[in-house]
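> Mind folding the following:
(one chain, ligands or ions: 1)
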Amino acid sequence: MAGKMAVYPGSFDPVTYGHMDILRRASLLFDRVLAAVSDNPQKNHTFPLPARIEMLEESLRELRLPKNKIRVESFSGLLVDYLKEKKTPILLRGLRVFSDFEYEFQMALMNRHLDPQVETVFLMPDASHIHLSSTLVKEIVSLGGEVRDLVPRCVLRHLKSAPAPNIP
Ligand code: ADP
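Coordinates of the predicted model:
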């Protein structure tokens, strides 16, 4: 398939309206976007990989985009290897507040070091999402708070059915 494709990697543990905002913006800039859900056994995820993928796929339907505009896949190993496999140098990340900047800057430069062709593109979400993170959502839920405005509806279902000790 022709056209520019960007890879948007993340834990999506779970997907929030912040991720969705970035994906919607990316869909306007790139021909295709691959949302790559990380399968990293060293990271202690709250939701198992199949659930994170399922939530993301279901949430994406809310965006009502043409079929195949955004696809969801899992990946493991080095991102630069995954990008090579997918035949695209474009790595997409979201940037919220200054605290993201240091880590994201370091990762972008390290990925460039590992593969000079890789270009990291940062998108900023709407100001209403800059304080939003998967971790905070899980924390609020575990304390009995309301997250209806922060995550897609299918995520709400998963959050409510997740065993309490698993959150965050
Ligand atoms: P990771 O563990 O790789 O950071 P996340 O799912 O937490 O995975 O985040 C994936 C990407 O989405 C990161 O670039 C992160 O900055 C971005 N992101 C997460 N939440 C938001 C948000 N509310 N607004 C904008 N970008 C976000």
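> just the strands in the protein please.
5-10, 32-38, 70-75, 90-94, 119-123 (DSSP state E).
> So which bits of the protein are right by the ligand?
Counting by C-beta under 6 Å from any ligand atom, the positions of the chain adjacent to the ligand are 10-12, 16, 18-19, 22, 93-94, 96, 100, 125, 129, 132-134. (Each C-beta comes from the backbone N, C-alpha and C, glycine too.)
> what about the residue lying farthest from the centre of the chain, distance to S74?
Distance to the chain centre peaks in the chain at G144, reaching 24.6 Å (criterion: C-alpha atoms, centre = their mean). Distance, G144 to S74, using C-beta to C-beta, to the nearest Å: 32 Å.
> Out of the residues of the chain next to the ligand, which end up buried?
Among the residues of the chain next to the ligand, those classed as buried by 16 or more other C-beta atoms under 10 Å are 10-12, 16, 18-19, 22, 93-94, 96, 125, 129, 132-134.
> and the longest helix that the chain contains, what does it pack onto?
Secondary structure of the chain per DSSP state H: the longest helix is helix 98-114. In this structure, helix 98-114 packs against helix 79-85, strand 90-94, strand 119-123, with contacts taken as 3 or more C-beta pairs under 8 Å, 6 or more residues apart in numbering; DSSP states H and E.
> Now the lowest-mean-pLDDT helix or strand in the chain: buried residues?
Scoring the helices and strands of the chain by mean pLDDT, DSSP states H and E places helix 153-161 at the bottom, with a mean of 91. Judged by neighbour count using 16+ other C-beta under 10 Å, the buried positions of helix 153-161 are C154, V155, L156, H158, L159.
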